[in-house]
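Enquirer: Build me a model:
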Amino acid sequence: MIVLLMHAERKFQLVLYDIYGMIIETLIAINIHLSASQISNLAFIKPMMLAQVQAWFEQLGVFGLVYQPFSGVPYKVFTFQAAHEHFAIIEFIALAILVRLARYFLAYSVLKALYLVLHR
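Expert: I've put the predicted structure just below:
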């Protein structure tokens, strides 16, 4: 959220850094191949999160990723589960970038509208 409050010239640079970090995180997580029990032992992860992500992936394939931004399920759960689904890595990363940018755009739009309303 702090990215949304920065000066315009820094926003794009920080979003780019975030995307680079997400790509690296995705590549690492997909190549680690943790089991479900190992994933559920990670910080802030609950077994029900794994089951929900698996259900989304079974229903929608890689497009189950669209639930991530507002689901409360950390991105790392999606990446670790994606390793078990054998998605094309390029497709997964491209969709992850689009989903993340859409979340930023939506949050930015809401905050900008609130700012205009609250600071008349």
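Enquirer: And the residue sitting nearest the centre point of the chain, how close does it get to Arg10?
Expert: Nearest to the mean C-alpha position of the chain, by C-alpha atoms, centre = their mean, lies Tyr75 at 4.4 Å. From Tyr75 across to Arg10, the span is 23 Å (C-beta to C-beta, to the nearest Å). All C-beta atoms are positioned from the backbone trio N, CA, C, and that covers glycine.
Enquirer: now Ile97
Expert: Distance from Ile97 to Arg10, by C-beta to C-beta: 20 Å.
Enquirer: For the two, work out which one has more neighbours and name it.
Expert: Ile97 (15 against 10; other C-beta atoms under 10 Å).
Enquirer: Count the neighbours of the residue nearest to the more buried one when sequence neighbours are not counted for me.
Expert: Distance criterion C-beta to C-beta, 6 or more residues apart in numbering; nearest residue to Ile97, sequence neighbours excluded, is Ile19 at 5.8 Å. Neighbour count of Ile19, defined by other C-beta under 10 Å: 16.
Enquirer: Now Ile19: which helix or strand?
Expert: helix 8-32 (DSSP states H and E).
Enquirer: Okay, buried residues for that helix please.
Expert: Of all the residues in helix 8-32, those buried under the rule 16 or more other C-beta atoms under 10 Å are 15, 19, 22, 26, 29-30.
Enquirer: Lowest pLDDT pick from those residues?
Expert: On pLDDT alone, Val15 ranks lowest of these, at 84.
Enquirer: Tell me which residues of the helix or strand hosting Ser37 come out buried.
Expert: Following DSSP H and E, one finds Ser37 within helix 36-40. In terms of neighbour count (16+ other C-beta under 10 Å), helix 36-40 has its buried residues at 39-40.
Enquirer: That helix: what's the following helix or strand?
Expert: As the chain continues past helix 36-40, the following element, by DSSP H and E, is helix 47-60.
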